[in-house]
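Peer 1: dropping the sequence and predicted coords here.
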2 protein chains.
Amino acid sequence: MNTTTHPGKRASTRETILDHAYALARSDGLEGLSIGTLATAVGMSKSGVFAHFGSREELQLAVLDTGRQRFMERVLLPALQPPRGLPRLRAIVANWFEWSREHQSGCVLLSAASEYDGRDGALHDGVVRQQAGWRGELQKTIGQAVAEGHLRPDTDAAQLAFEIYALMLGLHHDAGLFGFDEAGRRTTAAFERLWRSWQP
Amino acid sequence: MNTTTHPGKRASTRETILDHAYALARSDGLEGLSIGTLATAVGMSKSGVFAHFGSREELQLAVLDTGRQRFMERVLLPALQPPRGLPRLRAIVANWFEWSREHQSGCVLLSAASEYDGRDGALHDGVVRQQAGWRGELQKTIGQAVAEGHLRPDTDAAQLAFEIYALMLGLHHDAGLFGFDEAGRRTTAAFERLWRSWQP
DNA sequence: GAAATGTACGAACGATCGTGCTATTTTGTG
DNA sequence: CACAAAATAGCACGATCGTTCGTACATTTC
């Protein structure tokens, strides 16, 4: 009664395709994503899949946006529950931590960042825009924590956002290569030191 | 008189090939490296290039090792000049910083780490071995700095090595997406805070 | 000089790539 | 139920992929 009648057929198949595409891109990156493999995974014909996007690049952009969307729903959205300021910031980090645990085998957003950082084109622009947006959210939350008096008043929001991001990069890197557990402990320890040094 | 026959012909051609391959892999990653494109860049035939390695995977492994070699020559080797301890550790970081500046457009070692973290095979193993080796060098140097009394005696070498690595990941990430200058400033600021907090 | 070895080339292979074009099937509507 | 529209399949294309094979040329060894 859901995938039936009326409009929505197109949108729902598109979502199914993107779901499989996202899974494939997690292990092989957006550059490793091929329409043939994707079609086999979905159980459709190549041309059937292709028709939904018009080009491979459009597909890749759609997958990138799927990643952004899921990241936001998983990390940012539930962190709007706790009150603004440090509690919210710590919730973001905690959710991000869990996201990282679930994405040990590969994260589309991060692999995209390293795949397209040195080129140009629509995908590069998309990655930059997406990363800048997320960094902006971090900075905004940090700014609120400063305003609430939860962080030192001279806190450089961009600087702290950078250091948070760097630690999460370290977590993802070490988790992928050496295992999540030890990487998680190191990251947690580093965060404790980080929070302490920006305490008011 | 150089590219002529006699002994060493094979080795020198191989180096020429690897030189071009390394350059190509910097922008497209090891997975994006194709023998046809490489052959065109070198000015040889596909089969001529292929014969030097026997398989694409062997070529990729050779390029990975080329990267490791160059990194060590550029970052670790010149840092053995200053005395062991904190001076040497800071020299490593400084050289690494310069390496990162020269590799804004893409670093084979880092892209390989994100390309093969979620799979298995010879390349995955090679990346893990290489990364573990480098982390070990870092830890060793940190241990010496502790022994020299340059760092707090309760310093966790693996922890500090992790945090150093995370900052360099942040530098590379931000430099590639947002430009090196600001990323460099943030990284430098973070390092200052880092050194201070492990001071004896 | 003859034979052996090392090196690179050219052609071809089966597979897969992304992308058109044209049927065919499925769907929503009167 | 009929009919238009939308969605998917089928097929073919040129390109490129990694790889194999036979061959040509140069050099070294006998």
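Peer 2: Okay, I see it. Just so you know, these numbers come straight off a predicted model, no measurement behind them. Numbers count the residues shown, from 1 in each chain, chains lettered A, B, ... in the order given.
Peer 1: give me phi/psi at A:Gly85?
Peer 2: The phi/psi pair for A:Gly85 (degrees, to the nearest 10) reads phi 110, psi -150.
Peer 1: test my guess that it contacts A:Ile142.
Peer 2: No - with contact defined as C-beta atoms under 8 Å, A:Gly85 does not count as touching A:Ile142 (9.6 Å). For the C-beta atoms, the positions are set from N, CA and C on the backbone; glycine is no exception.
Peer 1: burial count for the residue in chain A positioned nearest to DNA strand C?
Peer 2: Scanning chain A for the residue nearest DNA strand C gives A:Gly36, at 2.6 Å (criterion: C-beta to the nearest atom of the strand). A:Gly36 is flanked by 11 other residues according to other C-beta atoms under 10 Å in any protein chain shown.
Peer 1: go on, A:Ala62?
Peer 2: When neighbours are counted by other C-beta under 10 Å, A:Ala62 comes out with 17.
Peer 1: anything in stretch A:180-200 near chain B?
Peer 2: Yes - Stretch A:180-200 reaches chain B (C-beta under 8 Å from any C-beta of the partner chain) through A:Ala183, A:Arg186, A:Thr187, A:Ala189, A:Ala190, A:Arg193, A:Ser197.
Peer 1: same question for stretch A:151-171.
Peer 2: Yes - using C-beta under 8 Å from any C-beta, stretch A:151-171 reaches chain B at A:Asp156, A:Ala158, A:Gln159, A:Phe162, A:Glu163, A:Tyr165, A:Ala166, A:Leu167, A:Leu169, A:Gly170, A:Leu171.
Peer 1: about what we covered before: need the residues of stretch A:180-200 next to chain B in a markdown table (columns: neighbour count).
Peer 2: Below are these laid out as a markdown table (neighbours: other C-beta atoms under 10 Å in any protein chain shown):
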| residue | neighbour count |
| --- | --- |
| A:Ala183 | 22 |
| A:Arg186 | 25 |
| A:Thr187 | 24 |
| A:Ala189 | 14 |
| A:Ala190 | 22 |
| A:Arg193 | 15 |
| A:Ser197 | 14 |
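Peer 1: from these, pick the one nearest chain B.
Peer 2: Comparing the residues of stretch A:180-200 next to chain B against chain B with C-beta to the nearest C-beta places A:Arg186 closest, at 4.3 Å.
Peer 1: mind listing what A:Trp198 touches?
Peer 2: Going by C-beta atoms under 8 Å, 6 or more residues apart in numbering or on different chains, A:Trp198 touches A:Leu151, A:Arg152, A:Thr155, A:Leu160.
Peer 1: 10 Å - rerun?
Peer 2: A:86, A:142, A:145-146, A:150-152, A:154-156, A:159-160, A:163, B:193 (C-beta atoms under 10 Å, 6 or more residues apart in numbering or on different chains).
Peer 1: now, of those, which are buried?
Peer 2: A:Leu86, A:Ile142, A:Ala145, A:Val146, A:His150, A:Leu151, A:Thr155, A:Asp156, A:Gln159, A:Leu160, A:Glu163 (16 or more other C-beta atoms under 10 Å in any protein chain shown).
Peer 1: which of the residues you listed fall in helices?
Peer 2: A:Leu86, A:Ile142, A:Ala145, A:Val146, A:Gln159, A:Leu160, A:Glu163 (DSSP state H).
Peer 1: farthest pair in the residues you listed?
Peer 2: Distance extremes for these: the farthest pair is A:Leu86 and A:Gln159 at 16.4 Å, using C-beta to C-beta.
Peer 1: quick one: contacts for the most centrally placed residue in chain A?
Peer 2: Nearest residue to the geometric centre of chain A (C-alpha atoms, centre = their mean): A:Phe71, 4.3 Å. Each residue near A:Phe71 by C-beta under 10 Å, 6+ apart is listed here: A:Leu77, A:Asn95, A:Trp96, A:Trp99, A:His103, A:Cys107, A:Val108, A:Leu109, A:Gln130, A:Trp134.
Peer 1: any idea how far it is from A:Arg152?
Peer 2: In this view, A:Phe71 and A:Arg152 are 29 Å apart by C-beta to C-beta, to the nearest Å.
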